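Colleague: Pasting the sequence and the predicted model now:
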Amino acid sequence: MLMPVPDAALIARKGEIVRALQKIVPGEGVIGDPSGLIPFQSDALSAYRQTPLAVVLPETTAQVSAVLAWCQANGVKVVPRGAGTSLSGGALPLQDGVVLGMAKFNRVLEVDYANRCAVVQPGVTNLAITGAVQADGFYYAPDPSSQIACTIGGNVAENSGGVHCLKYGLTTNNVLGCELVLMSGEVVRLGGKGFDAAGYDLMGVVTGSEGLLGVVTEVTVRLLPTPQTARAMLLGFPSVEAAGACVGDIIAAGVIPAGLEMMDGPAIRACEDFIHAGYPTDAEALLICELDGPEAECAELSAQVVALAQARGATTLKVSGSEAERLRFWAGRKAAFPAMSRLAPDYICMDGTIPRRQLPHVLARIGELGVTHGLGVTNVFHAGDGNLHPLILFDADKPGDLEKAEAFGADILRLCVAVGGVLTGEHGVGVEKRDLMGEMFDETDLACQQRVKCAFDPDLLLNPGKVFPRLHRCAELGRVHVHRGKVAFPDLPRF
Amino acid sequence: MSEVAIRTERPKSAAEVLALVADANAAGRRLEVVGGGTKRSIGAVTGAEAILSLAGLDKVIDYAPEELVLTAQAGTKLSVLEALVAADGQMLPFEPPHLTGLLGSKGEPTLGGVLAANLSGPRRIRAGAARDHFLGFEAVTGRGEAVKAGGKVVKNVTGYDLSKLMAGSWGALAVLTEVTIKVLPAGRTEVTLLFFGLDDQRACEAMSLAMNAPVELSAAAHIPPAVAARPPLKGEMAVTALRLEGFTASVAARAESLGAALKPFGRLELLDAEHSREFWTQVREAQAFHGDRRPLWRISVPPATGWRVGEALAGEALYDWAGGLVWLLSEEDPSTLRAAVRALGGHATCYRGHAPAFEPLAGPLADLTGRVKAAFDPKGVLNPGRMG
């Protein structure tokens, strides 16, 4: 993975840069010594590492603004970072860039039940938001599996999902507003506590922009009342096809479960070995279906789901009878990633989304690709919304294995796009899928997106090297348009 | 502006749209972009040299109920799509208002139009807005370039979420040619709980309490006495309405627990499914205000402060979205009105009257907005004057 060529002149100015940042963020707020920088070398995509020039840990919006304004004036690149749990390398540092860590923005500023929202700083963890309101019967719905560690600022940057987003949506559907600092140091407020905001929906485009458009310094999130009941079901099937058909039947019956997960045979067995959740090791596919709402609804719909599963030949049908049992049903799925360590020393996790009807074809093809690349693969799957997580198994100590795994992963993502799906459902493009963007978008599409980048950050100093396979200077993008001045379809009738 | 009859272009394909916009861009010729043309009066376009109608792009491309996804050309009529998904027991979750009666406009709204205007009905409080269901699109930017963004699956974070930027841009950035939205199963039944005689503040408290109960409330509106007295309700006192949708047993159980929780708000009546549907169509379309020629404002505020709009400003108010959306008929001076709404943390759109339609922006946000517009439409070819 090629990153932008580091600017040797900037690296030579490290001492000056650190001193300037220390003037803005005094005390312990700037890290420049090599040992202190080690913890910031990578995020959760740990195959990629880079020591940054320096790390700055501001505590106020004014400091963030001053840091960014200084960096812009001095041509210094900035990589924003929440908790560093990105699975796509969104927070991967640059050798000639400053990491802007938002960990000290860790306060819940306001809880407003009358408007069902909370105003929080970006370094608050996802789970801490729910923690602050659950005693009063509320929660924050998006639940990425890293929710104990990942921050809401990072969630906004990545538009994070989770197992409950089938019913409750991604981050973008659950945030109402933010305070955003532009690379120029200007501070803007987007959205608020109302249901819509004046002007363009800039909050919508900032959410999921992977730290390329601005730095979020405050977020207003939507709170929901905690459902009365939640009930999980384990449905084991003799084939992936049968489980996939059952998912279609559930949706066709008008049921939108809170979560609807699928695991293939190898994933079931690895998880069961690891955590003993009570999964049927003889099944070739397992659905975990969670329903939430009033007791009357859970009772009616769980009976309906069980009947649909039986009609598709389910060999295992278990409905959780207690909260402890519900959590045990989930424990295996939530431990799916660590459980892979039983199968191989390393894995990489893919994240494509496909139209669900393509599932049997895609899983069969992934199996064939595994044989071609000589690597094992298991599949866990947010079945309700078609978001596939193939886990490619390899051994990083074996020369060439990582490269093989990456080539296999790229083939899987190309397959997802070819059947009408997308490269990433919830993990983001980052550096990991950057060079595959051309599979989904042509040069004109990408130029259009990059012009949005230019509107926010004309010098391309914020998180460069992520998302876009090629860096175009903003002035060049202007010329693309002039160059295309030739009228298309000259034979069509005109004004 | 003089009323010169200007030409209407009616392309039949995305390629024709591309050719027309590329031509207009090359010549610096300004276009008014319309779907069904039903909301042209909002933020009227000034100085357009031609109208670009998307009505000819009206084909459904793909509807896969089990995938919860619908792709159609932007000019497809809303009524066609509503009937299509209803036949499969599904719905457009954001319950788009048509507003033709309110605006006194002819023709039929299109899917591209409601998405471009980000218009959502009463279910917005539960299911989200049009923008929340807008998954991807193909469009021609003001630069005269055909682009696509987003995808045709329900979960996608590949690249910037430009669908959000298109939603609510009123056609000022790009001409949508094909759009993909998320659809959902429709509730099997619905019921509405009615409370009577509450003042605006007390009604907002009741709606807030209902929103905060774990009953998955799908609509909450309040109609003050003066508005309730008008047709179609012709009632004698204020009406506060709360809707529940879903499976039959679930709706019954939730109605019971909600009724119990709202006992302090007095007498309760239930509307059955048929009457409930009728009632919420009236609210969605603000039917009480049809035919009234006074200036009309659509005001968005934090829901719990909705009643303060009615308190601060003279006029007649209708509250939807649990107080978060206020339709206000008011002769107040526009800048006074906007200042009062801003003070409540909201913004106002002028749907009828002599005021700029959209909330004026200021400072760095206005500058950023201008740069975003220029990124898509540097020569100001699309809908000049509509969104600044």
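Modeller: That came through, no problem.
Colleague: Go ahead and flag the most central residue of the chain.
Modeller: Answering for chain A, as no chain was given. Chain A has A:His427 as the residue nearest its centroid, 2.9 Å off, counting by Cα atoms, centre = their mean.
Colleague: my bad, the chain I had in mind was chain B
Modeller: What sits nearest the mean C-alpha location of chain B, by Cα atoms, centre = their mean, is B:Leu119, with 1.4 Å.
Colleague: how about A:Gly370, what does it touch?
Modeller: Going by Cβ atoms under 8 Å, 6 or more residues apart in numbering or on different chains, A:Gly370 touches A:376-377, A:392, A:408. Using the backbone N, CA and C atoms, a C-beta is placed for each residue, glycine as well.
Colleague: Inside helices: which ones of those?
Modeller: Those of the contacts of A:Gly370 mapping onto helices are A:Phe408, per DSSP state H.
Colleague: Now tabulate the contacts of A:Gly370 in CSV and tack on neighbour count and distance to chain B.
Modeller: Output for those, formatted as CSV (neighbours: other Cβ atoms under 10 Å in any protein chain shown; distance: Cβ to the nearest Cβ, whole Å):
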residue, neighbour count, distance to chain B
A:Gly376, 17, 26
A:Val377, 26, 21
A:Ile392, 26, 19
A:Phe408, 23, 19
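Colleague: Among the contacts of A:Gly370, which one sits closest to B:Arg131?
Modeller: Comparing these against B:Arg131 with Cβ to Cβ places A:Ile392 closest, at 35.1 Å.
Colleague: What residues does that closest one make contact with?
Modeller: Counting by Cβ under 8 Å, 6+ apart, A:Ile392 touches A:347-350, A:370, A:375-377, A:405, A:408-409, A:412.
Colleague: Check A:Lys104 too.
Modeller: A:Lys104 is in contact with A:29, A:57-59, A:123, counting by Cβ under 8 Å, 6+ apart.
Colleague: Neighbour-wise, which one of the residues you listed leads?
Modeller: Of all these, the most densely surrounded is A:Pro58 (25 neighbours; neighbours counted as other Cβ atoms under 10 Å in any protein chain shown).
Colleague: Quick check: which ranges of the chain have low pLDDT?
Modeller: With no chain named, the answer covers chain A. Scanning chain A for pLDDT under 70 picks out A:478-495.
Colleague: hmm, I had chain B in mind actually
Modeller: For chain B, the stretches with pLDDT under 70 are B:1-4, B:388.
Colleague: at 90 what do you get?
Modeller: Scanning chain B for pLDDT under 90 picks out B:1-6, B:44-46, B:385-388.
Colleague: so B:Gly113 is in which element?
Modeller: helix B:111-116 (DSSP states H and E).
Colleague: Just put the contacts of A:Lys104 in CSV and tack on secondary structure.
Modeller: Below are the contacts of A:Lys104 laid out as CSV (DSSP: H, G, I helix; E, B strand; the rest coil):
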residue, secondary structure
A:Gly29, coil
A:Leu57, coil
A:Pro58, coil
A:Glu59, coil
A:Gly123, coil
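Colleague: Is the helix holding B:Gly113 positioned near chain A?
Modeller: No: counting by Cβ under 8 Å from any Cβ of the partner chain, chain A has no neighbours in helix B:111-116; the shortest distance is 11.4 Å.
Colleague: After that helix, which helix or strand is next?
Modeller: From helix B:111-116, the next helix or strand downstream (DSSP H and E) is helix B:124-127.
Colleague: B:Ala86 and B:Pro185: what is the separation?
Modeller: Using Cβ to Cβ, to the nearest Å, we find B:Ala86 at a distance of 11 Å from B:Pro185.
Colleague: Oh, that last question was meant for B:Ala317, not what I typed.
Modeller: Per Cβ to Cβ, B:Ala317 is found 34 Å from B:Pro185.
Colleague: from the contacts of A:Ile392, which two are the most distant?
Modeller: Pairwise distances across the contacts of A:Ile392 peak at 14.8 Å for A:Cys349 and A:Gly370 (criterion: Cβ to Cβ).
Colleague: Please report how far the residue nearest to the centre of chain A lies from chain B.
Modeller: A:His427 sits 7 Å away from chain B, going by Cβ to the nearest Cβ, to the nearest Å.
Colleague: my guess is B:Thr177 is in a helix, correct?
Modeller: No: B:Thr177 is assigned strand when assessed by three-state DSSP, not a helix.
Colleague: Show the contacting residues for the nearest residue to it once chain neighbours are set aside.
Modeller: Among residues not flanking B:Thr177 along the chain, B:Ala14 sits closest, at 4.1 Å (Cβ to Cβ, 6 or more residues apart in numbering or on different chains). With contact taken as Cβ under 8 Å, 6+ apart, B:Ala14 is in contact with B:57, B:73, B:138, B:140, B:146, B:177-178.
Colleague: which non-adjacent residue is nearest the residue of the stretch 151-300 of chain B found nearest chain A?
Modeller: Closest approach between the stretch 151-300 of chain B and chain A, counting by Cβ to the nearest Cβ: B:Lys164, at 2.4 Å. Leaving aside its sequence neighbours, B:Lys164 sits nearest to A:Gly204 (Cβ to Cβ, 6+ apart; 2.4 Å).
Colleague: Show me what the strand or helix carrying that neighbour packs onto, helices and strands only.
Modeller: Per DSSP H and E, A:Gly204 falls inside helix A:202-206. With contacts defined as 3 or more Cβ pairs under 8 Å, 6 or more residues apart in numbering or on different chains; DSSP states H and E, the packing partners of helix A:202-206 are strand A:175-181, strand A:187-191, helix B:162-166, helix B:363-376.
Colleague: what do you get if the cut-off is 7 Å, keeping everything else the same?
Modeller: Judged by 3 or more Cβ pairs under 7 Å, 6 or more residues apart in numbering or on different chains; DSSP states H and E, helix A:202-206 is in contact with strand A:175-181, strand A:187-191, helix B:162-166.
Colleague: Direction included, what does the second one pair against?
Modeller: When pairing is defined by DSSP bridges, strand A:187-191 lines up against strand A:175-181 (antiparallel).
Colleague: Contacts made by the partner strand with the rest, please.
Modeller: For strand A:175-181, the external contacting residues (Cβ atoms under 7 Å, 6 or more residues apart in numbering or on different chains) are A:61, A:64-65, A:68, A:117, A:156, A:187-193, A:203, A:206-207, A:214-222.
Colleague: Report the buried members of those residues.
Modeller: A:61, A:64-65, A:68, A:117, A:156, A:187-193, A:203, A:206-207, A:214-222 (16 or more other Cβ atoms under 10 Å in any protein chain shown).
Colleague: Test my guess that the residue nearest to the centre of chain A contacts A:Ser88.
Modeller: Yes: applying Cβ atoms under 7 Å as the test, A:His427 and A:Ser88 come out as touching, 4.9 Å apart.
Colleague: if I pick the closest residue to chain B within the stretch 1-150 of chain A, what's in contact with it?
Modeller: Using Cβ to the nearest Cβ, A:Ala114 is the residue of the stretch 1-150 of chain A that sits closest to chain B, at 3.7 Å. Applying Cβ under 7 Å, 6+ apart to A:Ala114 gives the contacts B:208, B:304.
Colleague: What separation is there between it and B:Met207?
Modeller: From A:Ala114 across to B:Met207, the span is 10 Å (Cβ to Cβ).
Colleague: what's the answer for B:Ala339, then?
Modeller: Distance from B:Ala339 to B:Met207, counting by Cβ to Cβ: 26 Å.
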